[in-house]
Each structure stands twice: as C-alpha cells, then as structure tokens.
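[1] Generate coordinates for the sequence data below:
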Amino acid sequence: MNKALKVLGYIFVIIMAIITLFPFLYMISSSLMTFQEVTRIPPKLLPARPIFENYKEAFAAAPFARYFVNTVFVTMINTIITLITTILAAFALNFMNFKHKRALENFLLSLLMIPFEIIIFTNFSTIAKLGLIDTYTALIIPFMASVFYIFYLREFLKSIPRDFYNAAKVDGASDFEFIRKIMIPMSKSTIFTIGLLNFITGWNSFLWPILVTNSTEMRLISNGLSAFSSDAGQFIHLQMAASTITILPILILYFIFRKQILKGVSFGGIKR
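    Numbering: from 1, shown residues only. From the prediction side, this is the model:
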C-alpha cells in the first residue's frame, strides 16, 4: 500500500511538473520558429530549424538594452537599500529593548494586512506633488523597506542566542560591530535569500513603474515588454523571443544560486 502511494506521488509530481514547465518550454520553442510555424493549427511543438535571428530582430525592434539598464539599476539600488533597512530593523526588534516595542511590532504587522494596491494611488499622488514623475527616484523611494522581509529575518535571528549579543556588549563592541561581525555572518543565507527574492520582485514589477514613468527612456523591462507586445501585433514569434530575453537573467540567477535559495527559505521548517 505504501509503495503504491509512493508511486502515485511520483506520478502526480511528474504530471504537475509537466503542466508547470510546458508554457515556459513552449515559449522558448516558439521564439525559435517562423511566423508560419508559430501560427499553424494545430500548433507545432518544435521548430523545423531554430531561427536565432528572431532574438536579434526583437532586440532591434525596441530599446531593450535601455530597459535592461534601467531595470538593473533600479532593482540593484532597491535591493541594497532594502537589505540595509531590513538588517537594521530586524536587529532592533530582536536584540534591543525600548519603550513601546510591542506597539511598534503590532503596527508593523498591521501594515502587512494592507494590500499594496490600496495605497498605490496615495503614493502616486505624493510622488506627483514632489515633482518626481518619470525619474529614477520615483521608482526607488516606495520600495526602500519591506515589513515582510524585516519579520522574515527577525524570525531567523530568534535562533541566535541573546548571550552572543550580551557578550559582545561586555567586550565593548558597538551595535554596528555586532551586526557586521556576528549577526550578518550567522544569517548570511537568509540575507542572501532576501536580497535575491527582492531582486526578482523588482525585476518583475509592472504596476508601479507604468504609473510613474511616461517616457520610453525610463521604462523597466516588464513595461517595455508589454509595450513591445502591443507594437509587435501579430508577430507572435518576436513576442516570444522578447519574453525569453526578459526572463533569462532571472533563470540564470536561480540556477546559479538555487542551493542558497533553498537553504535560506527552509530554515523555518527546521526544528530548533
């Protein structure tokens, strides 16, 4: 009975993996087809001859190089600042005692209950009044901190004995020295995971950038891809090539750092 359930489990996982991966694999396959092949009914699963010129044509049809530069710059700045604010806030909440700490924690937790879509127009109004529309500042300011990542890191920091902090203070170490020499090295996997997840979120951001940018020069990759899909019209093979170009950097990051990602996200399930 157990063996049969195990076999059924494997079959279920394989079927779900095929369902999940098929759209992505078909996108790559379609990006290498001719227009006639990609619009054929019934559709072809593989190109008769891979046409890599589709990528060159898609890249030349829209300023994807500019979109990439904008996205990398904004996402990197957001990730660095978010890591700084996350580390400092998680340290304060976990190791420091101060007045109204519990009230502050409850307030921050309540912010997690508010969907971003509810406050997005308030943020947009503020950015507009400051005259920051169509600037890098508008793309960066609203994402300089994350309550979710603060509590995510704080949960990991609870596994670090407070005696480490007390001993460091007795030895005359400042809070910043404790963070730099003890806390960060001990939680580097979690911090790395936070940075990578934040980078992926920034790379895929769509709604906020399309609200605060007007010119082509300020578009991020997701907005540029959306605009290209409208401009390309019926040229589905070029749309697929552009989509593949957009997603490749994220895939490369995942395959390079997948072990660190799994290690960082699995700490919550480890019994301490």
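
[2] so who does Thr79 touch?
    195, 198-199, 202 (C-beta atoms under 8 Å, 6 or more residues apart in numbering). Glycine gets a C-beta too; all of them are placed from N, C-alpha and C.

[3] 6 Å - rerun?
    Going by C-beta atoms under 6 Å, 6 or more residues apart in numbering, Thr79 touches 195, 198-199.

[4] What's the local residue count around Asn94?
    Around Asn94 there are 17 other residues, counting by other C-beta atoms under 10 Å.

[5] Give me the residue ranges of the stretch 151-272 of the chain where confidence is low.
    231-233, 263-272 (pLDDT under 70).

[6] hey, where'd the helices end up in it?
    Using DSSP state H, counting those that start in this stretch, the helices of the stretch 151-272 of the chain run over 162-170, 175-178, 184-186, 188-204, 207-212, 221-232, 236-265.

[7] looking at those, which is closest to Ala90?
    Nearest to Ala90 among the helices of the stretch 151-272 of the chain is helix 188-204; the distance by C-beta to C-beta comes to 9.5 Å.

[8] pretty sure Met144 contacts Ile81?
    Yes: here Met144 reaches Ile81: they are 4.6 Å apart, a contact under C-beta atoms under 6 Å.

[9] Neighbour count for the two, which is higher?
    Ile81 (16 against 13).

[10] which of the residues in the helix or strand containing the more buried one are buried?
    Element membership for Ile81, per DSSP states H and E: helix 64-95. Within helix 64-95, the residues scored as buried using 16 or more other C-beta atoms under 10 Å are 64, 67-68, 70-72, 74-75, 77-79, 81-83, 86-87, 89-95.

[11] which of the contacts of Thr79 tops the neighbour count?
    Asn198 leads these on contacts (other C-beta under 10 Å) with 22 neighbours.

[12] ok now do it, which residues does it touch?
    79, 82.

[13] Make residue 1 into 611 and carry on from there
    In the new numbering, first residue 611, that becomes Asn808.

[14] That one and Ala852: what is the separation?
    Distance of Asn808 to Ala852, given as C-beta to C-beta, to the nearest Å: 24 Å.

[15] Also Thr644?
    16 Å.

[16] chain center to stretch 706-716: distance?
    Centroid separation for stretch 706-716 versus its chain: 29 Å, with C-alpha atoms, centre = their mean, to the nearest Å.

[17] Having no further points to raise, I will conclude here.
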